[in-house]
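**Q** Predicted model and sequence below, questions to follow.
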Amino acid sequence: MSKIRINPVTGAIGAEITGLDVNNMSAADEAVLESAFHEHLVVCIRDQKMDAATLLALTNRLGGVGETPYLGGLPEFPDVVPVIKEATEKSHHTFGAGWHTDFTFQPSPPSRTLLYAVDVPAVGGDTLYCNLQAAYQRLSPGLARLLESLTAVHSAVRSYGPKATLKDHMENMTITNEADEPEEMEHPVITVHPVTQRKSLWINPVYTIRFKDMTEAESQPLLNYLNNLAVSPSLTCRIKWQPGTLTMWDNRCTQHCATSDYQGYRREMLRTTVAGDAPRSAKTVH
Ligand code: SIN
């Protein structure tokens, strides 16, 4: 009988999984994991023994690595990014603070991100998640119809543009800014999940800079409304890390935010992304 246990973290998003060894999964185990992933969008798998090689092997098993721009990886494993904050760092700012969805400025952003905890602070350093499919469900029919007709413009400018200061706060990560203004990328505002066919709001405060054919000033009030809706407490969960926790999130329908509340403590994570497809518009799906 399967020993896998799946316990929802909140009513909105996230499940904690125990009794699973991701390095030795049978096809049946993987089917259970995938089903929990599509139901809960964020799965937090406890007590895993992983390193860069096994994390990469799992990432390949789940669909192959995505392209990681701007962030330096491990010398032997360039697709594995060490997310490190040392106890001695001057800035309290942690990598990934601020609600976002990973790399939405890419033509085909990652489908999933995997984050493995090597070393965690005694307290703090949690990661928060929100459910963008549930946010879509909260829209009025009129606003949902309007948003289905809109395209959003995404850019890395705020984090990795020539004037971005994120890298100045990360003493122990390798971050390279774009020398020129980064290219802009257009994606539908309402997308359809390629596996579950569920509709999702798909904007985020870090990379979505405006709606197509509108100015930033015109776009920002509606983007603010939508980003605030997305992170309503009833649409979120909070993952508390332990060494050996592996969390995997669905980048096609969630935002996440790391908390900068552990200055003076060390935190080390290993991060990979699974390659994704270009987001599909909900316009043609009724
Ligand atoms: C990330 O945004 O990819 C990192 C999140 C975290 O370190 O908690």
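**A** The structure has been received and is ready for your questions. Numbering: from 1, shown residues only.

**Q** Relative to the whole chain's centre, how far out is the strand or helix carrying residue 31?
**A** Using DSSP states H and E, residue 31 sits within helix 27-40. Here helix 27-40 is found 18 Å from its chain centre; the criterion is Cα atoms, centre = their mean, to the nearest Å.

**Q** List of residues touching the lowest-mean-pLDDT helix or strand in the chain?
**A** Least confident helix or strand, the chain: helix 157-160 with a mean of 93, by mean pLDDT, DSSP states H and E. Residues from elsewhere that reach helix 157-160 (Cβ atoms under 8 Å, 6 or more residues apart in numbering): 69-70, 164, 166, 175-178, 181-182, 206-207, 209. C-beta coordinates here come from the backbone N, C-alpha and C atoms, glycine included.

**Q** what do you get if the cut-off is 7 Å, keeping everything else the same?
**A** By Cβ atoms under 7 Å, 6 or more residues apart in numbering, the list of residues contacting helix 157-160 from outside reads 70, 164, 166, 177, 178, 181, 182, 206, 209.

**Q** what do you get for stretch 126-141?
**A** With Cβ under 7 Å, 6+ apart, stretch 126-141 has contacts from 12-14, 41-42, 144, 147, 190, 198-202, 229-231, 235-241, 247, 249, 253-259.

**Q** Assign a three-state SS to whatever residue of the chain ends up closest to the ligand, would you?
**A** Using Cβ to the nearest ligand atom, the single residue of the chain nearest to the ligand is residue 96, 2.4 Å away. Secondary structure assignment for residue 96 (DSSP: H, G, I helix; E, B strand; the rest coil): coil.

**Q** Give the buried residues for the helix holding residue 31.
**A** For helix 27-40, a neighbour-count test (16 or more other Cβ atoms under 10 Å) marks 29, 32, 33, 36, 37, 40 as buried.

**Q** what do you get for stretch 20-27?
**A** Those would be 20, 22, 25, for stretch 20-27 by 16+ other Cβ under 10 Å.

**Q** Determine the three-state secondary structure at residue 135.
**A** Going by three-state DSSP: residue 135 is helix.

**Q** what's the distance between it and residue 93?
**A** 26 Å (Cβ to Cβ, to the nearest Å).

**Q** Name the residues of the stretch 1-150 of the chain found near the ligand, please.
**A** Contact residues (Cβ under 6 Å from any ligand atom) of the stretch 1-150 of the chain with the ligand: 83, 95, 96, 113, 115, 127.

**Q** coming back round to it: quick check on the contacts of helix 157-160: which are buried?
**A** Among the contacts of helix 157-160, those classed as buried by 16+ other Cβ under 10 Å are 70, 164, 166, 177, 178, 182, 206, 209.

**Q** Could you find the closest non-adjacent residue to the third one?
**A** This means residue 166. residue 159 (5.1 Å; Cβ to Cβ, 6 or more residues apart in numbering).

**Q** about what we covered before: of all the residues of the stretch 1-150 of the chain next to the ligand, which two lie farthest apart?
**A** 95 and 113 (12.6 Å; Cβ to Cβ).

**Q** For burial, what's the neighbour tally of the nearest residue to residue 208 once chain neighbours are set aside?
**A** Computed as Cβ to Cβ, 6+ apart, the closest residue to residue 208 that is not its neighbour in sequence is residue 152, at 5.0 Å. Neighbour count of residue 152, defined by other Cβ atoms under 10 Å: 26.

**Q** quick check, residue 152 in a strand?
**A** Yes - counting by three-state DSSP, residue 152 is part of a strand.

**Q** Please flag which of the contacts of stretch 126-141 sit within helices.
**A** 144, 147, 229, 230 (DSSP state H).

**Q** how much space between the nearest residue to the third one once chain neighbours are set aside and residue 83?
**A** With sequence-adjacent residues excluded and distances taken as Cβ to Cβ, 6+ apart, residue 229 is closest to residue 135, at 5.5 Å. Taking Cβ to Cβ as the measure, residue 135 falls 26 Å from residue 83.

**Q** Of these two, which one has the most company?
**A** Taking neighbours as other Cβ under 10 Å, residue 135 and residue 83 compare with residue 135 leading, 25 against 21.

**Q** quick one: pLDDT of that one?
**A** According to the prediction, residue 135 has pLDDT 98.

**Q** show me the contacts for the closest residue to residue 151 other than its chain neighbours.
**A** Using Cβ to Cβ, 6+ apart and skipping residues adjacent in sequence, the residue nearest residue 151 is residue 212, 4.0 Å away. Residues counted as contacts of residue 212 (Cβ under 7 Å, 6+ apart) are 151, 153, 186.
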